[in-house]
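Asker: turn this into a model:
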Amino acid sequence: MAREPITSCAVCEVHADAVFRVEGMDCRDEVVLLERRLKPLPGVEALVADVVSQRLRVSYDAARVSTSTLVDAAADAGLRMWLEHEEPKASGQGDARAWLTLAAAVALAGGLLAQFAGLSAVGSGLYLVAVGAGIVHPLRRARAAWRARALDINVLMVIAVAGALAIGEWLEAGSVVVLFAIAQWLEGRTLGRARQAIRALLDLAPREALVRRNGRDQRVAVDTLLVGDVVIVRPGDKVPVDGVVVAGRSDINEAALTGESMPVDKAMGAEVFAGTVNGHGSLDVRVSRVGPDTRMARITHLVEEAQARRAPLEAWVDRFGRWYTPLVAAAALVVAVVPPLTGGDPAVWVYRGLVFLVIACPCALVISTPVSIVAALSAAARQGVLVKGGLVLERLAEVDAVAFDKTGTLTLGQPEVGDITPTAPWTSDDVLRWAAAVEARAGHPLGRAIVHAASRRGLAWPDVQDFQSHPGRGARGVVDGRVVLVGNSAFLREHGAHVEEATIQQRPGSSVVWVRVAGDVAGAITLADAPRPHAREAIEALQEQGIRRVLLLTGDRVESASPIAAALGVRELHAHLTPDQKLQRIEALQAEGFTVAMVGDGINDAPALALADVGVAMGAIGSDVALETADVALMSDDLLRLPAAVRLARATVRTIRTNVAVSLLLKAAFLVAATTGTATLWMAVLADTGASVVVVANALRLLRQR
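Answerer: A predicted model of the protein is given here:
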């Protein structure tokens with residue numbers, strides 16, 4: 001969609017972005033045409049093309065060029081383009097092309113029958129009719145490509161047909177035109193099915209909602225809803241917006257966002273998301289986010305952005321395709337011209353040169369990689385895993401070391417307060433109240449457990465002033481004029497406190513938070529966390545996939561972390577780490593040659609997530625920060641999604657390499673066959689388009705990957 005322009009009066013420029021749909025943009029050839037036609041226009045700043053989704057994003061100066069000018073320029077290149085949010089007008093070109101293809105096929109069949117009956121002149125005339133009907137569309141596209149100084153498949157095909165006619169191969173000329181038209185239709189249908197399958201995975205939110213206004217329920221378009229409206233979600237309906245339940249109780253299937261098949265109970269105060277499916281109850285939901293701000297829209301947008309990010313393999317294939325076509329075209333010229341100069345039969349060698357020309361189109365090779373990547377990204381999104389582009393997929397496929405945070409990642413992140421050990425003259429409630437006052441601002445899982453325990457006891461606490469967070473160690477604040485420190489023993493010692501750890505009866509797997517008030521240690525709070533369900537299975541699955549190192553990096557003490565590590569089968573434990581020390585561990589792994597994935601759940605892990613080769617965020621459905629910063633976001637808290645993502649990434653890389661190998665081997669085989677005279681023009685056409693169909697079909701298997 002076109003954005004609101006941003007005006008800069010100082011330079012009198014109006015910068016804007018617009019996203020267009022481009023009919024017929026099925027290969028890199030069409031992208032080259034658009035680039036060569038649109039880039040020279042005054043005011044056009046940048047173009048980003050996505051062949052698989054047939055989208056073109058244009059950054060431009062709206063004061064110097066308009067969207068209608070861009071559309072007209074695309075039409076000059078032989079392509080129909082329109083703004084994504086607009087409905088295109090019916091062109092009728094598809095029907096006309098289909099009728100011309102049918103006419104060409106009938107004429108070719110008639111020519112073959114006439115020739116079989118001994119009516120050579122009639123057969124030759126019908127072959128010419130087939131050529132005339134079938135060449136209309138390629139000739140129009142070839143003319144546009146020629147004006148743009150681009151050598152695409154249409155130019156190559158027109159030259160090949162003209163050459164065949166010139167040397168008297170009228171049947172070959174007619175066969176090539178008809179087969180090319182049919183092959184182009186088949187290739188377009190295959191790509192169309194791919195786009196439809198991929199689009200269906202992301203087009204999940206309903207378009208209408210039942211809203212309560214002025215005391216009555218009415219059905220309205222979702223686009224007209226406002227924040228604060230109350231929508232009614234009946235049993236079996238899709239939730240139309242993000243919001244908070246204000247009445248009712250039901251179970252919600254969030255598989256569209258998280259990949260989780262088990263419904264989640266929702267009651268008053270619970271958050272629900274657009275695109276999820278209501279179960280047996282009825283819910284009244286107060287709208288909190290609409291339109292592009294909903295979680296579903298954000299995820300869809302991020303998936304679409306990820307599709308446009310080019311992977312190294314894709315970039316290599318694209319670069320290869322750019323020099324392959326002119327190189328093979330030059331070779332075709334050499335084959336057609338040089339042997340006749342040394343006594344060869346001109347008709348034979350010109351024909352072989354024409355076969356070379358047909359093979360010079362690298363479309364199957366170029367389309368094989370982006371289709372594979374988009375299919376994989378869409379399959380991952382359906383399973384509740386957001387992967388930020390082809391580059392991340394390639395890195396994820398190479399991961400051989402995984403580092404986990406503990407709290408909230410390998411554990412539930414919902415610790416509960418156990419023992420409270422006060423120091424005289426303080427009481428347990430005093431220790432809990434001072435700790436809650438500071439931790440109410442911290443947001444750490446241990447802090448939330450302390451605040452929750454204080455609330456359950458009915459304790460009240462004053463506001464904290466001059467709050468300071470020290471990630472991985474503790475927090476500081478001024479409460480009722482007293483400096484209060486809450487954190488681990490090392491944090492308190494840094495500030496001169498004398499901590500008697502031996503006085504605490506600590507259970508295996510628990511954590512101890514110390515509280516210091518106005519220079520005196522007031523006491524300690526013991527909290528315990530439990531391993532996350534399926535965490536052990538996820539770690540075992542990663543190890544079975546060849547992950548060589550699995551590490552637990554935590555700021556907790558060894559005594560707290562080692563029982564968790566043992567329970568989950570993690571042999572490498574690094575405890576009592578500051579955020580900087582976590583970074584050092586990741587750097588050390590990378591220095592040893594490992595490709596490292598870091599798995600964490602919160603802001604405290606952001607530096608480590610950023611430094612790792614692949615940063616994986618847990619439970620990102622409710623976290624804007626995780627969605628924006630992580631390379632891979634697991635929308636649910638199910639760690640089994642991680643080995644599934646690694647498996648998908650490796651399958652994607654295998655598929656891309658297979659597609660590239662198939663395309664290159666077919667090209668090489670037909671180049672040899674063309675040189676030796678065993679390949680015909682119509683065989684070359686079938687091989688070229690057949691390769692495109694094969695690689696697209698192979699890529700679509702990734703949509704079913706689990």
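
Asker: could you find the closest non-adjacent residue to Arg143?
Answerer: Distances taken as CB to CB, 6 or more residues apart in numbering put Gly78 closest to Arg143, at 7.6 Å, once the chain neighbours are dropped. All C-beta spots, glycine's among them, are computed from the backbone N, C-alpha and C.

Asker: ok, that neighbour touching Ala144?
Answerer: Yes. Here Gly78 reaches Ala144: they are 3.5 Å apart, a contact under CB atoms under 8 Å.

Asker: what is in contact with the two at once?
Answerer: Common neighbours of Gly78 and Ala144, using CB atoms under 8 Å, 6 or more residues apart in numbering, are Leu33.

Asker: who's in contact with His301?
Answerer: For His301, the contact set (CB under 8 Å, 6+ apart) comprises Pro292.

Asker: pretty sure it sits in a strand.
Answerer: No. His301: not assigned to a strand; according to DSSP: H, G, I helix; E, B strand; the rest coil it is helix.

Asker: and the nearest residue to Arg516 once chain neighbours are set aside, bridged to which residues?
Answerer: The shortest distance from Arg516 to any non-neighbouring residue, by CB to CB, 6+ apart, is to Leu485 (4.2 Å). Beta-bridge partners for Leu485, by DSSP bridges, are Arg476, Arg516.

Asker: same check, this time on Val521
Answerer: Legend: beta-bridge partners of Val521 under DSSP bridges are Arg516.

Asker: let me see the ranges of the helices in the stretch 501-650 of the chain.
Answerer: 535-544, 558-568, 579-591, 606-611, 624-629, 641-676 (DSSP state H, counting those that start in this stretch).

Asker: tell me how far the third one lies from the chain's centre.
Answerer: Computed by CA atoms, centre = their mean, to the nearest Å, the separation of helix 579-591 from the middle of its chain amounts to 28 Å.

Asker: from the contact counts, what lies against it?
Answerer: The helices and strands touching helix 579-591, judged by 3 or more CB pairs under 8 Å, 6 or more residues apart in numbering; DSSP states H and E, are strand 401-404, strand 549-553, strand 596-600, helix 606-611.

Asker: looking at those, spot the one closest to Gln115.
Answerer: Judged by CB to CB, the one of the helices and strands packed on helix 579-591 that comes nearest to Gln115 is strand 596-600, at 64.9 Å.

Asker: near the residue nearest to Arg143, how many other residues are there?
Answerer: 21 (other CB atoms under 10 Å).

Asker: cool, Val374 as well?
Answerer: The burial count for Val374: 26, using other CB under 10 Å.

Asker: can you tell me how far the closest residue to it other than its chain neighbours sits from Asp688?
Answerer: Nearest non-adjacent residue to Val374, counting by CB to CB, 6+ apart: Val52, 4.5 Å away. To Asp688, Val52 is 19 Å away according to CB to CB, to the nearest Å.

Asker: so between the two, which is more surrounded?
Answerer: Higher neighbour count among Val52 and Asp688: Asp688, with 27 against 24, using other CB under 10 Å.

Asker: and the more buried one, what's its pLDDT?
Answerer: For Asp688, the pLDDT comes out at 74.

Asker: just checking, it touches Ala183?
Answerer: Yes. Contact between Asp688 and Ala183 holds when scored by CB under 8 Å: they sit 7.4 Å apart.

Asker: picking up where we left off before, out of the helices of the stretch 501-650 of the chain, which gets nearest to Val122?
Answerer: Comparing the helices of the stretch 501-650 of the chain by their distance to Val122 (CB to CB), the top pick is helix 641-676, with 31.3 Å.

Asker: give me the next element, helix or strand, following the closest one.
Answerer: Per DSSP states H and E, the first helix or strand lying C-terminal to helix 641-676 is helix 681-700.

Asker: run the chain-centre distance for that following helix.
Answerer: 26 Å.

Asker: ok, stretch 356-366 next?
Answerer: From the chain centre to the centre of stretch 356-366 is a distance of 28 Å (CA atoms, centre = their mean).

Asker: buried sites along it?
Answerer: The neighbour-count check on stretch 356-366 (16 or more other CB atoms under 10 Å) flags 356-366 as buried.

Asker: hmm, which two among the residues you listed are most spread apart?
Answerer: Taking CB to CB, no two of the buried residues of stretch 356-366 sit farther apart than Phe356 and Val366, at 18.6 Å.

Asker: okay, now the unreliable bits of the chain?
Answerer: By pLDDT under 70, the low-scoring segments of the chain are 1-13, 87-95, 186-205, 256, 259-261, 302-311, 502-503, 505-509, 602-604, 620-627.
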